[in-house]
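Colleague: whatever this is, show me its structure:
(5 chains, ligands or ions: 5)
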Amino acid sequence: MLLEIENLKVRYGTIEALHGVSFSVDTGEIVALLGANGAGKTTTLHSIMRLPPPEAPKVVEGDIRFRGQSILTTEPYDVVRKMNMNLVPEGRHIFGNLTVYENLWIATTARTDGQENIDKDFERVFSLFPRLAERRRQQSESLSGGEQQMLAVGRALMSKCDVILLDEPSMGLAPLLMYELFRTLKQLNEEGMTILVVEQNARVALQFAHRGYVLDTGQIVAEGPSDKLMEDPEVKKAYLGG
Amino acid sequence: MLESIIQNILNALQWGSFYSLIALGYCLVYGVLLLINFAHGDIFMVGAYIAFFVATFFLAAVGLPGWAVIALCVPLTMALTALVGVTLERVAYRPLRRKGAHRLYVVITALMCGLILENGNLALLGASRRLFPTLVETQVFNIGGIAVTNLKIAVILVAILSFVFLETVVSKTKMGMAMRAISYDKFAIPLMGIAPDKVVVFTFILGSSFAGLAGLMFAMSYPVLDPYMGALIGWKAFIAAVVGGIGSVRGAFAGGFLLGFVEIMVVAFFPSTYRDLIAFTILLVILTYKPTGLFGVARFQKI
Amino acid sequence: ETIKIGFNIPLTGDIPDVGESSKQAAEMLLKKVNDAGGIEVGGATYTLQFVYEDNESKAESALSATRKLITQDKVLGIIGPQSSKQAVPAGEAADDLETPMISPWSTNPDTTLDRPFVFRGCFLDPFQGPVVVNFASEEFGATKAAVLYDIASDYPKGLAEVFKAAWEDKHGAGSVVAFETFTTKDVDFSAQLTNITKSGAEVLFVPQYYNEVPLIVKQAKSLGWDKPIIGADAWAGGDLMSLCGDDCKGYFFSTHYAAAGAEGATKEFIDEYTAIYGKTPDDVAALTWDSTNLMLEAIKMTGGLTGDIDEDRIKIKDALGTVTDFEGITGTMTFTPEGDPIKCAVVVKIDDAGEFSFYKQVCP
Amino acid sequence: MQKFAVPIFVGLLFGFFVVTAATGAMNLYWQSVFMFMGINIILAVSLNIINGYMGEFACGHAGFMAVGAYVSSLLSVMLFAKDKVFGEALLNPDLALVLFPVVLLVGALVAAVTGLIVAIPSFKTRGDYLAIITIAANYIVKSTIENIDAIGGARGFMGMSRVTKAMEKTVDLPWMTIWVFIGTIFTIWIVWRFISSTYGKGIIAICQDEIAAEIMSVNTNKMKIVAFMLSSGLAGLAGGLFAHVLGYVNPGSFTILKSTEVMVMVYLGGMGSLSGSVMSAILFTLLLEALRPLQIIKWVVIPLMLVLLMHMRPEGIMGNRELTDVFPRLKKFVSFKK
Amino acid sequence: MSLLEIQNMTQRFGGLTAVSDFSVRLEKGELCGLIGPNGAGKTTIFNLVSGFYTPTVGAIEFNGENITGKKPHKVTGKGVARTFQNIRLWHDMTVLDNIRVSQHNHLGYGFLDAVLRLPRYNRRTSEIDAWAFEILEALQLAQYANEYPKNLSYGLRRRVEIARALSTKPKLLLLDEPAAGLNTADLDGLISLIRWIYENFDITIWMIEHQMQVVMTLCQRIQVIDFGATIAQGTPKEIQNNPEVIKAYLGDDTI
Ligand SMILES: Nc1ncnc2c1ncn2[C@@H]1O[C@H](COP(=O)(O)OP(=O)(O)OP(=O)(O)O)[C@@H](O)[C@H]1O
Ligand SMILES: Nc1ncnc2c1ncn2[C@@H]1O[C@H](COP(=O)(O)OP(=O)(O)OP(=O)(O)O)[C@@H](O)[C@H]1O
Ligand SMILES: CC(C)C[C@H](N)C(=O)O
Ligand SMILES: [Mg+2]
Ligand SMILES: [Mg+2]
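Modeller: Ligands and ions are numbered 1, 2, ... in the order given. As a prediction, this is how the structure comes out:
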């Protein structure tokens, strides 16, 4: 197993947000994490990325293993550098005071695999999101909501990453772009990238993913291959809107 | 008349250099943490004292010649002052940030640290002031009634070089970019594979070491040191930094010289008591019409 | 039975070693008196008790210190503050609360003006000013003078104005060719000094506190000023030379006494002081010593304390008013109705050894 | 009964101060400590309007204090006392007692108007840039006073003690203690009422999201003017009291350092907490007095204590809560939030 | 006379034209949609209408009155309320206070009333509270009245924001991506909420949305823009089958 989350319990101060969540992601998989608002999806991703306080939730029990070894004590930037894992955070978190290009460039800080690969990735990102290419000199702050979302994804792709966690990547994207994005991700997956995606639009997510987990108020309430979940009446009712 | 104008331009350049040097430090730290490091003026003071001890040590105890002492003073002072700055960050500011305190609480902590440095120094070294030893004989070149000293020139050069150096660091290097990025969104910095604390520490090293340098130059030009020497000039340098456009190295540099010029020129041609009145009125007007300072970019609101 | 005297002195702030010297002198006197079994007033003997309040060399603090000494420590009388900056406001409080106060070193007239309860142990600036003027004119044959002073402080401002007036009716209007000001805590005087050097003045008068003088002198030189600089009593702080180094040597200033070459009681005091504290007493030490003795003298003169503090304070005030020919180590004193002693001033030269050596004495 | 709990409490407190002070059971020194305490409370509470509730970072409070101090001092000396500058008193000193509040209010009013120096730039200028404007304002006020030689310039202005004496001559009571007490209660009362009204909450909205506030129908500019004028007006009131308690003012007492002192009190108490400001003002004043004997060390110890305190409570003593939130029982007597 | 009328409005930011020559006309009681690719200029149009920007060119007429360049709070006072693309509630104020404060335009009392608690103040306060609760009840938020928005789930926050907008008694309600960040199940809830509001208030609604499900079920009329200019408008059906719209916006939904 590439990534194993075992009986994870985390807290924000005194509030427990996750009460023993367990799931796993294997190399080359696309796994979807579904759930209502406030279920704990973002919390889960943040815990995996080991984000520092104050944002980060505190893991009080359980374990997170990457290639079999626990990463509970790993610093977030090492998760990126050493595990080659990265996150497209909820709410974008782009660097508004840098230009589009700088945002992408700074993401390559951790990379050691030589300029030409970096250039290749620039190519890829710009062909995926032509709008970013047009706006490479614009202060990213003034981008529209969707444009910022593209930038956030693009930035993750620029950083060295084999495992990508996406927190609601389609948020605020126009349909065309949303499908476009998922197709690209699919393609990246075929090139060997492992993907863990949190998505509100369950229908799309399940079309996209191989397997899925359903999270509810800090617990896994259902799991299985996408098509199975699609059929599951409970899930249907609660997350696919009848 | 013309003579005294030129003379005063020189004076202003020297005086402005100090504002600029200190303002640069302010603006670096602010640029990264949005922390108005009110202790900066006092770090500058500490720098001056460190320079004092280093200098007297090498002069008296070791007995080196003046130029050698300077050669040693510059790096040592900068290093030691940087140490002080970093220590402050580690023991006082970082824990607060970790607790997610409102940034103004860190600002207030900085204020308090400033007081601790000032009065701690007073309590430790006693009240009487210190005379900074003369390292190089000040030579007064008298060119057509205009007095220029080797020191004046040195000070101005140092200020300009420091600016060029810092400007390149901030705008050209990845570290510099990380410094700008972190001020906007520190949450996403680790995701770039960058250790936020490294960036912060680096910033404090830069800022404080240049405060140290300023301290040394200041001690050489105004050789009477007292624990409160940093407070007032610190405040003014901060104001200069903001008027220049806080967070912008260019702005800090320009702001420093602007303030220096205004102050000197006012004193030269009006009663000296009008200095603050006029200087601050000008600054107030500038900020009212350019709400983000001379070089500051308007952080516009996307809604 | 004890007698409490309060000291309102700058132990911290801008001129801390003025506070230090004052305290040392006081401590020395305290020890002397109490070892001799205390002081004897109208038959009863009392042990002395001194209360030191720090006025941080700030006007407000000086005021609250005065109030505290009077209302809480219930002292009979107050010595200090030293500098006019604090003595002027503090005098008001002491007078309001009807407690005798002697400022050893405040030379500004306002300190004692219309204040029956306030006295001083030194001469006044209206006297000191002309002394300096005459000296400068005769010594250097100067006719054009420049002044650089701190406008935010009573002493420099007062003295500078006196000097200007005196100089101009000696050498005619406009003979003070540069009258430049700065504000407390300034460190850069280049603009003012530029004007001064360009003004063609032959002598520069700097009525500043000793801690501010060195910077002024050094900058003046680096701006090409090579003519004499002359000062006043505020130069006579302990630190002047250690801060000014060689730059101040050869300059003159007017002051209250000169340690070098003193004899008699003065010499005894100096030796004793030097023996204890390992440094020659500066003006403020000597003046504090005198003022404290004055206070004790007055207490003695009351011929017995009633124990009702308010009454005693008034008695002491009245006694002080009647002091005549008091033999102090800084000269003999007799109080004018205003509460100001008539004393001589000395002009000292800073010799090449860095000593303040007696140059000449000027008496009213 | 419960409805009157607060008035009764205040009344008792008032009685206590007046009686002890009048009988001399509380000596002048302690009186002055309590007076400074009251003044600090006024300053902290009034600055909290801007730095706490409106979330700006104003560092020039002392400037407005200075305006109030000078205006009211000049006025009262001119009217009720013989003075070097103004000569004979214009009115019968016996009137001092009656007219003193008016004098104070005039001072406060002028200070409030001065507040516009900051209020108007604040339309466009925000955050740390505004901070500078406030500092500049502080310097400008101070330096203006320094340049008016007629009123003593940098060396300060005296004579208010004659006015207070006059009051005491008319009716023998510790008047300054009384005025400070009234001023303090007045300030707390007015600020609390302002802040707890929907009208006043407009500035809290500005603090939390100015754009949303403007778009969701808050006239931000107007509210800013109101807030700044109220804040600086009260600072002026504090100044007036300060001047008369001390009997002496000089521009040197209204520097940035004074301003920062007030800021410290506000943040120590907690941004946007009235009771916090009051408590920290009290704490701060007592600390300052208690540690007097330490002399210079005091200025190392106090900041050190404050730093530690902030590390223990990174939101200040009260955070943005009020006593009533901490001890819900109090809700019976006062309601803060509604 | 139509409620909102915009004629040939253009908005430039530096070199970039966010909205170019845009015109629209909303009749009283309509429920219209505004869609378009990311960065097409939708939000900018809303910002222009609500007075946050003043158009570089063109005029905005609301209810027969020219409101171009009026300050936002004035515009709101005239009866235009909006929600934001990413929620902008006052997070440290109770839900109730959020609603109260947005009454600022018609508080009907001033500083002195507030401080002296004059009768006018008391009367108005109780009126405001009554209205606030009416709104909260209507949107089933009453039980959260004293909660802080920051502690509410995303869906509820959206609801509160809509409530806040409604509380200003608007004639025109602008919704900027109300469905963003809601999960599929909640969409039905949102749809019925908006419909309910539309039916129960005398109000006109104009919304930006990327969730076709929402737009297509609710809107009577949809306008599609790209690069700030209108590329199509019509009924949901027309739009769905408009090749240009599909090309520029809808795309094909195979993954
Ligand atoms: N910083 C925080 N402090 C306290 N509680 C938090 C914090 N962040 C999240 N929570 C709580 O933890 C729970 C899970 O939040 P989380 O953001 O993980 O949910 P989510 O599934 O991501 O919801 P959404 O779909 O809206 O993003 C929620 O109840 C939320 O209120
Ligand atoms: N203040 C500004 N300065 C510069 N450019 C801006 C500004 N505001 C918006 N833009 C640009 O104008 C265009 C339109 O932005 P807008 O936010 O209206 O897009 P949108 O239609 O809302 O897109 P989305 O559906 O992604 O929210 C974008 O390309 C954006 O980059
Ligand atoms: C030097 C000072 C302490 C004394 C000086 N004569 C004054 O009146 O201020
Ligand atoms: Mg989430
Ligand atoms: Mg938008």
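Colleague: work out for me the element the most centrally placed residue in chain A sits within.
Modeller: For chain A, the residue nearest the mean C-alpha position is A:L166 (1.7 Å; Cα atoms, centre = their mean). Here A:L166 sits within strand A:163-167, counting by DSSP states H and E.
Colleague: picking up where we left off before, what is the residue nearest to the centre of chain A paired to in the beta sheet?
Modeller: Under DSSP bridges, the beta-bridge partners of A:L166 are A:V88, A:V197.
Colleague: dump the residue contacts of it.
Modeller: Listed by Cβ atoms under 8 Å, 6 or more residues apart in numbering or on different chains, the contact set of A:L166 reads A:87-88, A:153, A:156, A:185, A:195-199. Where C-beta positions appear, they are placed from N, C-alpha and C, glycine not excepted.
Colleague: of the residues you listed - the most surrounded one?
Modeller: Neighbours here mean other Cβ atoms under 10 Å in any protein chain shown. Within the contacts of A:L166, the largest count is held by A:L87, at 28 neighbours.
Colleague: which helix or strand contains the residue nearest the centre of chain D?
Modeller: Nearest to the mean C-alpha position of chain D, by Cα atoms, centre = their mean, lies D:L43 at 2.4 Å. Secondary structure assignment for D:L43, by DSSP H and E: helix D:28-47.
Colleague: so that helix, near chain C or not?
Modeller: Yes - between helix D:28-47 and chain C, judged by Cβ under 8 Å from any Cβ of the partner chain, the touching residues are D:28-30, D:32.
Colleague: return the members of the residues you listed classed as buried.
Modeller: D:28-29, D:32 (16 or more other Cβ atoms under 10 Å in any protein chain shown).
Colleague: within reach of ligand 3, which of the residues you listed are there?
Modeller: Among those, no residue lies close to ligand 3 (Cβ under 6 Å from any ligand atom).
Colleague: closest one to C:A152 out of those residues, please.
Modeller: For those, the closest approach to C:A152 (Cβ to Cβ) belongs to D:S32, at 25.5 Å.
Colleague: the closest one touches C:T66, doesn't it?
Modeller: No - using Cβ atoms under 8 Å, D:S32 makes no contact with C:T66, being 11.2 Å away.
Colleague: can you tell me the centre-most residue of chain E?
Modeller: Geometric centre of chain E, nearest residue: E:L174, 2.1 Å, by Cα atoms, centre = their mean.
Colleague: tell me who's in contact with B:I156.
Modeller: Per Cβ under 8 Å, 6+ apart, neighbours of B:I156: B:13-14, B:17.
Colleague: which SSE is E:M9 in?
Modeller: strand E:4-13.
Colleague: that strand vs chain B: in contact?
Modeller: No - Strand E:4-13 is not in contact with chain B by Cβ under 8 Å from any Cβ; minimum separation 9.1 Å.
Colleague: anything in the next helix or strand after that strand near chain B?
Modeller: Heading C-terminal from strand E:4-13, the first helix or strand you meet, by DSSP H and E, is strand E:16-26. No - judged by Cβ under 8 Å from any Cβ, strand E:16-26 and chain B are separated, with a smallest distance of 11.8 Å.
Colleague: check stretch E:204-215 too.
Modeller: No - Stretch E:204-215 does not reach chain B (Cβ under 8 Å from any Cβ); its nearest approach is 12.7 Å.
Colleague: name the element the residue in the stretch 201-338 of chain D positioned nearest to ligand 2 belongs to?
Modeller: Taking Cβ to the nearest ligand atom, ligand 2 has its nearest neighbour within the stretch 201-338 of chain D at D:I211, 12.2 Å off. Element membership for D:I211, per DSSP H and E: helix D:210-215.
Colleague: hey, C-alpha coordinates of stretch D:30-38 in PDB?
Modeller: Coordinates of each C-alpha in stretch D:30-38 appear next as PDB, following Å, rounded to 0.1, in the frame of the first residue of the first chain:
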ATOM      1  CA  TRP D  30      -2.900  57.000  46.700                       C
ATOM      2  CA  GLN D  31      -5.500  59.400  45.500                       C
ATOM      3  CA  SER D  32      -3.200  60.200  42.600                       C
ATOM      4  CA  VAL D  33      -2.600  56.500  41.900                       C
ATOM      5  CA  PHE D  34      -6.400  56.000  41.700                       C
ATOM      6  CA  MET D  35      -6.800  59.100  39.500                       C
ATOM      7  CA  PHE D  36      -4.200  57.900  37.100                       C
ATOM      8  CA  MET D  37      -5.900  54.500  37.100                       C
ATOM      9  CA  GLY D  38      -9.100  56.200  36.100                       C
END
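Colleague: buried set for it?
Modeller: Across stretch D:30-38, burial judged by 16+ other Cβ under 10 Å covers D:31-38.
Colleague: check stretch E:89-104 too.
Modeller: Neighbour counts over stretch E:89-104 (16+ other Cβ under 10 Å) mark E:89-90, E:93-104 as buried.
Colleague: distance to C:F135, pLDDT and secondary structure added to these, as CSV?
Modeller: As requested, those are exported to CSV (distance: Cβ to Cβ, whole Å; pLDDT from 0 to 100; DSSP: H, G, I helix; E, B strand; the rest coil):
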residue, distance to C:F135, pLDDT, secondary structure
E:L89, 78, 94, coil
E:W90, 73, 94, coil
E:M93, 74, 92, coil
E:T94, 78, 94, coil
E:V95, 82, 96, helix
E:L96, 81, 95, helix
E:D97, 76, 95, helix
E:N98, 78, 95, helix
E:I99, 82, 95, helix
E:R100, 78, 95, helix
E:V101, 74, 95, helix
E:S102, 78, 94, coil
E:Q103, 79, 92, coil
E:H104, 74, 93, helix
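Colleague: looking at those, spot the one nearest ligand 2.
Modeller: Nearest to ligand 2 among the buried residues of stretch E:89-104, with distances taken as Cβ to the nearest ligand atom, is E:L89, at 18.9 Å.
Colleague: can you tell me the closest non-neighbouring residue to that closest one?
Modeller: Nearest residue to E:L89, sequence neighbours excluded (Cβ to Cβ, 6 or more residues apart in numbering or on different chains): E:P149, at 4.2 Å.
Colleague: count of neighbours near whichever residue of chain C sits closest to chain B?
Modeller: Relative to chain B, the nearest point of chain C is C:P16 (3.0 Å; Cβ to the nearest Cβ). The tally of other residues near C:P16 (other Cβ under 10 Å) stands at 24.
Colleague: how about E:G58, what does it touch?
Modeller: Counting by Cβ under 8 Å, 6+ apart, E:G58 makes contact with E:6-10, E:21-22, E:68.
Colleague: now do 10 Å
Modeller: Contact analysis of E:G58 by Cβ atoms under 10 Å, 6 or more residues apart in numbering or on different chains lists E:6-11, E:19, E:21-23, E:48, E:68.
Colleague: now do A:Q139
Modeller: A:Q139 makes contact with A:95-100, A:102, B:297, B:299-300, E:14, according to Cβ under 10 Å, 6+ apart.
Colleague: that older thread, now the residue nearest to the centre of chain E: how far from E:V214?
Modeller: E:L174 sits 15 Å away from E:V214, going by Cβ to Cβ, to the nearest Å.
Colleague: who's in contact with the closest residue to ligand 1 within the stretch 51-200 of chain E?
Modeller: Closest approach between the stretch 51-200 of chain E and ligand 1, counting by Cβ to the nearest ligand atom: E:Y154, at 3.7 Å. Contacts for E:Y154 were tallied using Cβ under 10 Å, 6+ apart; they are A:36-38, A:90, A:200, E:87, E:180-183, E:186.
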